[in-house]
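> have a look at this fold, sequence not included:
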């Protein structure tokens, strides 16, 4: 009854808190073709700019939506085009030079910077756009944007810019070649257009076309750039050949094996414009050895840990492939679903000699783009080689190879059709084909997102079917089903969303996706009210209420529920504050026991947190968070403390540190399974500390050093064991005496020197250090753990990689000019 009451109370708020959204304003700029010369030097004073219509009268987006620019800090910008590309330049006025926020933070590094950004919706579908930003120190950012507000900054175009700082502000110039953007072939075109300016020290952001933050979507509120005539998409062919060398040291100290190893690698990334809309990206003989280290943790849960994807090919320009949440790129090579393990082959006289942790990626290719009719198409294909482990006979010393992961082909196909009113329908298919007798996997999903004419309401859903081909005895297919549907109000100060998701017990999308739980039906409601008009003490204030109810689907049973209220605000001094409080009634956990058909009747708890963040435009900035859980089981509490702080010495040097400390007293969880069916739980104390230190030094806009040091420590000590009974309760077990204590440390150093010596061309020097220290003997002192980790055997890897960008069109023009 308590859960139902919560839901009825939340739903009733809809009838008293709903508000109507305003109609957006749409400005229009008539396109002007460049006639005079323009030199990209950061000062738009050349004759070529004289014909451009000034873009002025920007409107504040935040913190005071709708406010006009002050005359002393106004913005004047100009936009032109010619047969080669787009020119964007202007002036950002300030009262004094000291009012300008500057920090060298690297490409796409943000930092504490003022900036100007150009947003172009080239197909004018109000759902997909390109963004190009420049800072006063001429650092570039760029991104692909969707109308949901998602910005994909992993996408990098190659374009030119320059900026100059003056006594009364700063100026900028950009040249964006048509090879760095996608558009149609029409003789006369109209593009969606906006540009934005951010004044970081006051946190003011302005846009040319007004943006109402209570309306759904950013691109739906764009202006237009009309009457663009006779521009032609160029022939696009770009190469990025690379050469890399690695030196690695690990103290194996085993006869016949080297402590030092080295390698030299070469390969190439290729971008080919199939037509004006679609691009083929291929990585030939890929090398991802310089990507950042994973933030490894001790996993006590029944589910896999989801780690971040850092390989550029699988992060750049992949917005289409994220549709439906069915693609987890790390399945390709790094974290595949293995069909075998060494335990399937090993016998009592053998030991594991080698067991590679990854499957080698042979090549990967993707095709993506969108037609002028709004049809987005994405195709990704990758092949990984067979992975073998080596077993050694301890008596004869004979070795044999066993297959752990077969030769595998991975593919993703996405069709995404944009519709009127910022709506869309999509079809997604993922497929995993394994050589030999192993099973294959295929997942297909249909998605829809429909908005009303005023873009105030949304109905969306997804229907997914999974097939594991050859998975069941006799080579039969295992078929599963999943669906979700939601309805919500998306514009106005008050928003809400009601959602249902159902997954049957046979569903499995894990071979190329990330999926942990099956056989459930969940219902949730989320509501929010936002005050965006600044008052005497805050700039904005947001209040959220969320409720969640989950049941096992077959056989039907209650799983769990959750209710919380949270609030956050930006204060007038630009500090951020927030708080949350919630309640979770006792539930049934069908996953923690690790055996099908078993359940753990868990605890109820109250939980809450508070956080505060100081003004991040200051030299010193800090973030503090305290999280609290009060559980009824064993009447113990859980705490979590987070402290992050940063100091900017100047615009070149910044240091930062993040500390997370999570102590848990009398946590209860799975410990072991004995006699095949007796599930052992344990009462345990857990300490978890994560300490990360970052140093960033930039020589200029194209050269920087980043160093990251991370130490993670987790200690788990058991003091009592229990047998899990059939009804889900726990009974004391005084005979089980296995040592399940764990004391683990992970330590990493990532030191990266980057020099962009030409547009799109880089020289990278990387040093990576990794150490692991594991013991079943508890060590309670943090500094002793840190010292032991530094003394442990560590892997050191130093690499040099040179990437050179070659553009066919630029090379063609260069040779043509030389002949002339």
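That came through fine. What you see is a predicted model, and the numbers here were worked out from it, not measured in a lab. Residues are numbered from 1 along each chain as shown.
> am I right that residue 179 is in a strand?
No: read with DSSP: H, G, I helix; E, B strand; the rest coil, residue 179 is helix and lies in no strand.
> for burial, what's the neighbour tally of it?
23 (other C-beta atoms under 10 Å). For every residue, glycine as well, the C-beta is placed using N, CA and C.
> any idea how far residue 257 is from the residue lying closest to residue 589 once chain neighbours are set aside?
Nearest non-adjacent residue to residue 589, counting by C-beta to C-beta, 6 or more residues apart in numbering: residue 600, 4.4 Å away. Noted for residue 600: a distance of 45 Å to residue 257, by C-beta to C-beta, to the nearest Å.
> higher neighbour count, the two?
Neighbour totals were compared for residue 600 and residue 257, and residue 600 leads with 22 against 11 (other C-beta under 10 Å).
> residues contacting that one?
588-589, 592-593, 681, 724, 728 (C-beta atoms under 8 Å, 6 or more residues apart in numbering).
> just residue 169 next, same as before
Residues in contact with residue 169, defined by C-beta under 8 Å, 6+ apart, are 73, 91-94, 100.
> mind listing what the residue nearest the centre of the chain touches?
Nearest to the mean C-alpha position of the chain, counting by C-alpha atoms, centre = their mean, stands residue 308 at 7.2 Å. Neighbouring residues of residue 308 by C-beta under 8 Å, 6+ apart: 294-295.
> tell me how far it lies from residue 275.
Using C-beta to C-beta, we find residue 308 at a distance of 33 Å from residue 275.
> now do residue 609
From residue 609 to residue 275 the distance is 51 Å (C-beta to C-beta).
> ok, back up a step: please report the distance of the residue nearest to the centre of the chain from residue 692.
14 Å.
> cool, residue 716 as well?
For residue 716, the distance to residue 692 - C-beta to C-beta - is 21 Å.
> residue 118 reaches residue 174, doesn't it?
Yes: between residue 118 and residue 174 there is a contact under C-beta atoms under 8 Å: 6.9 Å.
> and for the two, which residues touch both?
Common neighbours of residue 118 and residue 174, using C-beta under 8 Å, 6+ apart, are 88, 132.
> quick one: contacts for residue 562?
Applying C-beta under 8 Å, 6+ apart to residue 562 gives the contacts 546-548, 582-584.
> what is the nearest of these to residue 446?
Among these, residue 548 lies closest to residue 446 (C-beta to C-beta), at 25.1 Å.
> gap between the strand or helix carrying that closest one and the chain center?
According to DSSP states H and E, residue 548 maps onto strand 538-552. In terms of C-alpha atoms, centre = their mean, to the nearest Å, the centre of strand 538-552 is found 22 Å from the chain centre.
> give me the sheet partners of that strand and which way each runs.
Sheet pairing of strand 538-552 (DSSP bridges) gives strand 520-531 (antiparallel), strand 557-571 (antiparallel).
> now the helices for this protein?
2-17, 782-791, 808-819 (DSSP state H).
> out of the ones you listed, which gets the lowest mean score?
Per-stretch mean pLDDT for the helices of the chain is lowest at helix 2-17 (a mean of 45).
> was I right to think residue 586 contacts residue 561?
No: shown here, residue 586 and residue 561 do not form a contact pair, counting by C-beta under 8 Å, at 9.5 Å.
> any idea how far the nearest residue in space to residue 751 that is not next to it in sequence lies from residue 464?
Nearest residue to residue 751, sequence neighbours excluded (C-beta to C-beta, 6+ apart): residue 767, at 4.2 Å. For residue 767, the distance to residue 464 (C-beta to C-beta) stands at 43 Å.
> look at the two and report which has more neighbours.
Neighbours per residue, other C-beta under 10 Å: of residue 767 and residue 464, the larger number sits with residue 464, 23 against 14.
> my guess is residue 703 meets residue 754, correct?
Yes: under the criterion of C-beta under 8 Å, residue 703 is in contact with residue 754, at a separation of 7.0 Å.
> just to revisit the earlier point, pick the one among the contacts of residue 600 closest to residue 784.
Among the contacts of residue 600, residue 681 lies closest to residue 784 (C-beta to C-beta), at 29.5 Å.
> a markdown table for the contacts of residue 600, including pLDDT?
As requested, the contacts of residue 600 are arranged in a markdown table below (pLDDT from 0 to 100):
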| residue | pLDDT |
| --- | --- |
| 588 | 96 |
| 589 | 96 |
| 592 | 96 |
| 593 | 97 |
| 681 | 97 |
| 724 | 97 |
| 728 | 95 |
